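just a sequence and a predicted model for now, questions to come.
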Amino acid sequence: MKHDLNSLWQLISINYKEFIREPGILFWALIFPVLMAWVLGIAFSKKAELIQNVAYVNNSAHTNSRLAEFLVSSDVVFHKVNPGKEYRKSFDTKMGRLSFRLIPVTMDSAVLMLKRGQVSIILQDKEDSLYYLFDPQSADARFNYIMLSSAINHERIIYDTTSVKTLSQQGTRYVDFLIPGLLAMGIMNDFLWGIGYGLIEIRTKKLLRRMVAAPMKKSLFIFSHFFARMTLALFEAAVLLLFSWIYFRTQIQGSIVALILIFLAGSFCFAGISILTASRTSSSRIGNSLINLISMPMVILSGIFFSYHNFPDFIIPVIQKLPLTMLADSIRSIMIEGTGLVENMPEFLFLSGLGSICFLVGIRIYKWY
């Protein structure tokens, strides 16, 4: 019995020592969850002041009386992220401080802001009547309507067919926002896990040394992984697009050629990142941590499932420079805004350039033995 207990303790001790020897595992198990809790807490936790952005369209020579009273009592501010005059009205409620930021824009600009996730509702002042335009299937939009209508009408909520208009325009639904984000995330995961983790596994199992010893060009070895993942990513994207078209009736409004080129640029970018990640890593557990360290923050920050405009204004310019954000925004722009390659050329060049730099550095320092 004493021998069995001693053996059990030795086995447990070995597991503890293996855990402690790997700094990457310690980071992933202890520090990374704390960082994710902090980031998500910023985006979704209760804030001292809840700010709701509203696109304000004025198509009337005479402002609605209740809205005029609302605007007169508001503060006029100039916002750094969205330059221009805005109306801001704050209320102290039992749920905390609530603020509405009304951004005067044209109807076309308002719809564009809605598609990009910058706002969830449009307030239209037309012929002395107020109209609320939003997707009724969006919980956030319904909440904004209830709170804004209550504020304008002195806490008397009005919900009728004359004041509420359902948006049916292509690209204004949540699913239209979601599908491009899922396409971008699929590209990232295909290459980071398919190439990066695959190369790390080959090195860990000592198979890479045997392959290099064989009469094989190293460039062909890397290209074979890129080509295989590219074809799989294209197939997965085609399946997702076909399903979304059949079930949700989503459509590609812009240039298909531009969509393909952005897809290739994003694929090359994440292929380069994956090769750089796998260039020196010899442990599959460390590789798993590195890939999650790269991918998880971008999945949360880059506007895949929800708009990154939920985060504080000062961090939005940083989020917009992330590779996954650029890829998702470009795909979303082409699919629901009807843009082409010219409008997305900065993103195309950035993704291609970043992929080239990571690829060259990764090949330069790659550990073949």
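Ah, there it is. Numbering: from 1, shown residues only.

how about the helices in the stretch 251-369 of the chain?
With helices called from DSSP state H, counting those that start in this stretch, the stretch 251-369 of the chain shows them at 256-278, 284-301, 316-319, 323-332, 345-364.

can you list those in CSV and add mean pLDDT and mean neighbour count?
C-beta here means a position set from N, CA and C on the backbone, and glycine is covered the same way. Putting the helices of the stretch 251-369 of the chain into CSV (pLDDT from 0 to 100; neighbours: other CB atoms under 10 Å) gives the following:
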stretch, mean pLDDT, mean neighbour count
helix 256-278, 92, 23
helix 284-301, 84, 18
helix 316-319, 89, 14
helix 323-332, 93, 26
helix 345-364, 92, 17
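
His62 is nearest to which of those helices?
helix 316-319 (35.8 Å; CB to CB).

what's the burial count for Phe314?
Using other CB atoms under 10 Å, Phe314 has 9 neighbouring residues.

tell me which of the helices of the stretch 251-369 of the chain lies nearest to Ser150.
Go through the helices of the stretch 251-369 of the chain one by one with CB to CB and the one that ends up closest to Ser150 is helix 316-319, at 28.2 Å.

what does that closest one contact?
Helix 316-319 has contacts (CB atoms under 8 Å, 6 or more residues apart in numbering) with 81, 301-303, 308-309, 311, 325.

please apply the same query to stretch 237-249.
Counting by CB under 8 Å, 6+ apart, residues outside stretch 237-249 touching it are 173, 175-176, 179, 182-183, 186-187, 250-252, 263.

tell me where this structure is predicted with low confidence.
Scanning the chain for pLDDT under 70 picks out the ranges 1-50, 61, 75-84, 91-97, 154-172, 208-216, 218, 369.

can you give me the strands in it?
Here the chain has its strands, by DSSP state E, at 49-58, 75-78, 85-93, 96-104, 122-126, 129-134, 164-166.

burial of Arg88, as a residue count?
There are 15 residues near Arg88, going by other CB under 10 Å.

repeat for Leu232
There are 14 residues near Leu232, going by other CB under 10 Å.

count of neighbours near the closest residue in space to it that isn't next to it in sequence?
Nearest non-adjacent residue to Leu232, counting by CB to CB, 6 or more residues apart in numbering: Asp190, 6.2 Å away. A count of nearby residues for Asp190, using other CB under 10 Å, gives 22.

and Asp190, how far from Gly355?
14 Å (CB to CB, to the nearest Å).

how much space between the residue nearest to Leu232 and Leu220?
20 Å.

of the contacts of helix 316-319, which is the most crowded?
Across those, neighbour numbers were computed from other CB under 10 Å; Gly303 holds the maximum, 27 neighbours.

distance check, it against Tyr366.
According to CB to CB, Gly303 and Tyr366 sit 33 Å apart.

got it, and Asn288?
Taking CB to CB, one finds Asn288 at 19 Å from Tyr366.

coming back round to it: out of the contacts of helix 316-319, which is nearest to Leu98?
Nearest to Leu98 out of those is His309 (CB to CB; 17.2 Å).

would you map out the domains in this protein?
Following automatic domain parsing, one gets these domains for the chain: 49-166, 174-364.

for Ser60, give me its contacts.
Listed by CB under 8 Å, 6+ apart, the contact partners of Ser60 are 125-129.

surely Thr63 meets Leu71?
Yes. Taking CB atoms under 8 Å as the definition, Thr63 is a contact partner of Leu71 at 7.1 Å.

tell me what angle the longest helix along the chain forms with helix 256-278.
Ranked by residue count, the top helix of the chain under DSSP state H comes out as helix 218-248. Relative orientation of helix 218-248 versus helix 256-278 (axes from the mean of the first three to the mean of the last three CA atoms, to 10 degrees): 130 degrees.
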